[in-house]
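Q: model the following, please.
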Amino acid sequence: MTRHFGTSSGARAAAAALVALGALSSCNENLPSGPSTFAASLSIVARDTIVIGDTSVARAVATDAQGHQIEALSFTWTSTDSATVGLAPVSSSSPDTSQGREETLSARRPGRTTVSVSLSDPRFTTSRGSRSETGVVGGVRVTTTHDSTLTAVNDTGVAVATGLIHAANGALTPVAGLGVRWDHRGQHTTVAVTGDTVRYVARSNGVDTLIVTHDFCLAGARCADTVVTRVAQALSLALSDKLFQAWSFGDTLGPTVTLSDRRGNGLAGASIRLVPATAADSAIVRTTAAVGGTNVTTGAIASPQLVSAGNGSAKVYILGIGPDGFSVLAKDSITETVRQVARRVVAEALRPVMTANDSIPVRAVARDARGALIADATTTLTASGVPLGALWAGPTTIATSPVVATITPDVTGVALPSNNPGAPQVAVLVNASQLTLIKPDTVVAGATARTVSVVVLDSIGTPAAGRFVRFGVSFGPTPDSAQADANGLTSALWIPPDSAASYTLTGVAGASTALTTLADSTGRIVLRHSIVVVPDVPSATKSTLVMSATTIAANGTATVTVTVKDRFGNVVKKATPADFTLTAGGAGGTFSAAACVNGVCTATYTAPAAPGNVTISAKILGAEIVFSPIAVTVN
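A: Here you go, the predicted structure:
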């Protein structure tokens, strides 16, 4: 804006600056005579900054070459950007205002402009005087919320800020469109700025800061304000199902799980944990590792499953766990009911081998579809070909060997499919036991080795390939455990002691330690083989001779005792007088017929009528037995 003003008639003459000037012809001026033009410099005295809405009085100053101020001149003002800092309309009749020596500057918008003053008086040679003026806001202010939380990815928030100007009453007032600047710090949101408005969109959990400032702000004012944006997904669990029913132990069940915010977005690093509500629930179900895949875009998440382990109903909490590994972001629960139903009923052991004079404990068990025993099933056994007590099969007598006896199981009650309408209605399979009976075995000391064999079947009646049978004996060395072949056949070499006695070998399927009670052996004994070891033939090296007296009167008597033993020291209980010979050498004498009872044979020796020395001898197969010969004196 440019204005022109005349010279005041009351101004003082600048006579001191116009040395040696002649008098001018004008009668209205009192100037000395001299040159027609003079050098002068122009300047502006004003504040540097003006708050929008405020005005500031600026003064134009002219000085001569000596630095003296020249008064009573008229000046012309201009602004290079009057839309930023302009010149106020003339509102005063004072000479300083009307002639441009003072000008009111008005800040209209933030920015910087140049205000200039010029002198059009032909008497002075001058250049334009200029000054930089800045329109500033009196501060910035967020006019919406300073703190917001977005609870889902892609949620959007908006913040608005304005600059502050001075109202007519001097108060700071927010005004839109003054060019605030937004600074985004963080990476959990994306932002878009339109004028005073910033729009922020949630991208990941965390905290961002939005700072609003202004490039032209009054020094010392509040020139920044802040918006805190939090992204904290509010996640919830969606389960494909909450109720599950298992009919066998080992069944794996569980829901498909989605962990997402209300827009369907998942959370990277989150996981699912299944926690049985009580210790009793833990006995009914176990949990697996997480299965399936995770898709953060859809919220689908890998989840553990439940494995049925006991009959009953179990409550299990499903927890959505945060990336930190312990924060619970969401919680729900599921219920699984386990009720085993019988798929087969089995008489165990299925293929045992037993000498007829022995007995083994047997049982009837119901098993579910996965072969797990149903503890609360009601079962019975019926035997054919062998006596059957409450638990024991045998002993019995057989005329020929082998004989196959049959033990047939049955199941009733709660485990039947028909008593569980929701279960698969599959007929219960019956696995009967086939008990092979063999005649009692007798072996001779020195030839006791036997190879024993048995077929081992698993709980569903198929060959238990690779399964071990552990052996135990009543006395003597125990055979090593034996592993079943592809047909379930297992064999072992058993060598009972050479001591005459009865010995029993027991084979147990799948035992890692020796069985000590009826409960831990029932249904698991697959072999019980008894052997009677009988003495070998009489042996001179072990048989003995004893005399009741070694000094006898003429025609007197003494008892001669021969104990017949085999080479292992076993008394040959079936010995007869024919197994040995008695002789009396020297003075002679006679023997009565010998009598043998359980291997101990006795005879009466009668001394001769005349005194003398006698040698009593006992031989087996021509060899003297132990303590033979014995010297006898006849008096």
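Q: tell me where the model's unsure across the stretch 351-500 of the chain.
A: Low-confidence segments of the stretch 351-500 of the chain (pLDDT under 70): none present.
Q: ok now do the closest residue to residue 236 other than its chain neighbours, which residues does it touch?
A: Take residue 236 and drop its neighbours on the chain: the residue closest to it by C-beta to C-beta, 6 or more residues apart in numbering is residue 330, 5.3 Å away. The C-beta positions use only the backbone N, C-alpha and C, and glycine is treated the same way. By C-beta atoms under 8 Å, 6 or more residues apart in numbering, residue 330 lies in contact with 235-237, 259, 319-320.
Q: most surrounded residue in those residues?
A: Compared across the contacts of residue 330, residue 259 has the highest neighbour count, 27 neighbours, by other C-beta atoms under 10 Å.
Q: and that residue, bridged to which residues?
A: On the basis of DSSP bridges, residue 259 is bridged to residue 237.
Q: from residue 259, how far out is the residue nearest to residue 236?
A: Per C-beta to C-beta, to the nearest Å, residue 330 is found 6 Å from residue 259.
Q: which neighbours do those two share?
A: 235-237, 320.
Q: now those in a markdown table, with pLDDT and distance to residue 481?
A: Formatted as a markdown table, the shared contacts of residue 330 and residue 259 follow (pLDDT from 0 to 100; distance: C-beta to C-beta, whole Å):
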| residue | pLDDT | distance to residue 481 |
| --- | --- | --- |
| 235 | 97 | 55 |
| 236 | 97 | 56 |
| 237 | 97 | 51 |
| 320 | 97 | 49 |
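Q: for the closest residue to residue 253 other than its chain neighbours, list the residues it contacts.
A: Excluding the flanking residues, the one nearest residue 253 by C-beta to C-beta, 6+ apart is residue 244, at 4.4 Å. By C-beta under 8 Å, 6+ apart, the contact list for residue 244 reads 253-254, 306, 334-337.
Q: and the buried ones among the residues you listed, selectable in ChimeraX?
A: Entered in ChimeraX, the line below selects the buried ones among the contacts of residue 244, by 16 or more other C-beta atoms under 10 Å:
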select :253,254,306,334,336,337
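Q: just flag the most distant two among the contacts of residue 244.
A: Pairwise distances across the contacts of residue 244 peak at 13.9 Å for 254 and 337 (criterion: C-beta to C-beta).
Q: helix, strand or coil: sort out the nearest residue to residue 337 once chain neighbours are set aside for me.
A: Spatially, and ignoring its direct neighbours in sequence, residue 337 is nearest to residue 313 (4.6 Å; C-beta to C-beta, 6+ apart). At residue 313 the chain is in strand, as set by DSSP: H, G, I helix; E, B strand; the rest coil.
Q: can you show me the helices along the stretch 251-400 of the chain?
A: Assigned by DSSP state H, counting those that start in this stretch, the stretch 251-400 of the chain shows helices spanning 279-284.
Q: strands of that one, start to end?
A: Ranges of strands within the stretch 251-400 of the chain are 252-253, 257-260, 271-276, 285-287, 300-301, 306-308, 312-321, 328-338, 344-348, 353-355, 360-361, 363-367, 378-384, 392-393, based on DSSP state E, counting those that start in this stretch.
Q: so for residue 526, which of the ones you listed sits nearest?
A: strand 353-355 (7.2 Å).
Q: relative to that closest one, what are the paired strands and their orientations?
A: Going by DSSP bridges, the partners of strand 353-355 are strand 433-438 (parallel), strand 525-534 (parallel).
Q: tell me the first helix or strand C-terminal of the longest one.
A: Using DSSP states H and E, the next helix or strand after strand 525-534 towards the C-terminus is strand 544-547.
Q: so what does that following strand touch, helix or strand wise?
A: Packing partners of strand 544-547 (3 or more C-beta pairs under 8 Å, 6 or more residues apart in numbering; DSSP states H and E): strand 557-563, strand 612-620, strand 630-634.
Q: can you give me how far the next helix or strand after it is from the chain middle?
A: Downstream of strand 544-547, the first helix or strand assigned by DSSP H and E is strand 551-552. Taking C-alpha atoms, centre = their mean, to the nearest Å, one finds strand 551-552 lying 95 Å from the centre of the chain it belongs to.
Q: compute the number of surrounding residues for the residue lying closest to residue 549 once chain neighbours are set aside.
A: Nearest non-adjacent residue to residue 549, counting by C-beta to C-beta, 6+ apart: residue 558, 4.4 Å away. Residue 558 sits with 19 neighbouring residues when counted by other C-beta under 10 Å.
Q: could you list the residues in contact with stretch 248-256?
A: So stretch 248-256 is in contact with 239-242, 244, 246, 274, 288, 292, 300, 303-310, 318, 334, 336, 338, 340-341, 343, 368-370, 372, going by C-beta under 8 Å, 6+ apart.
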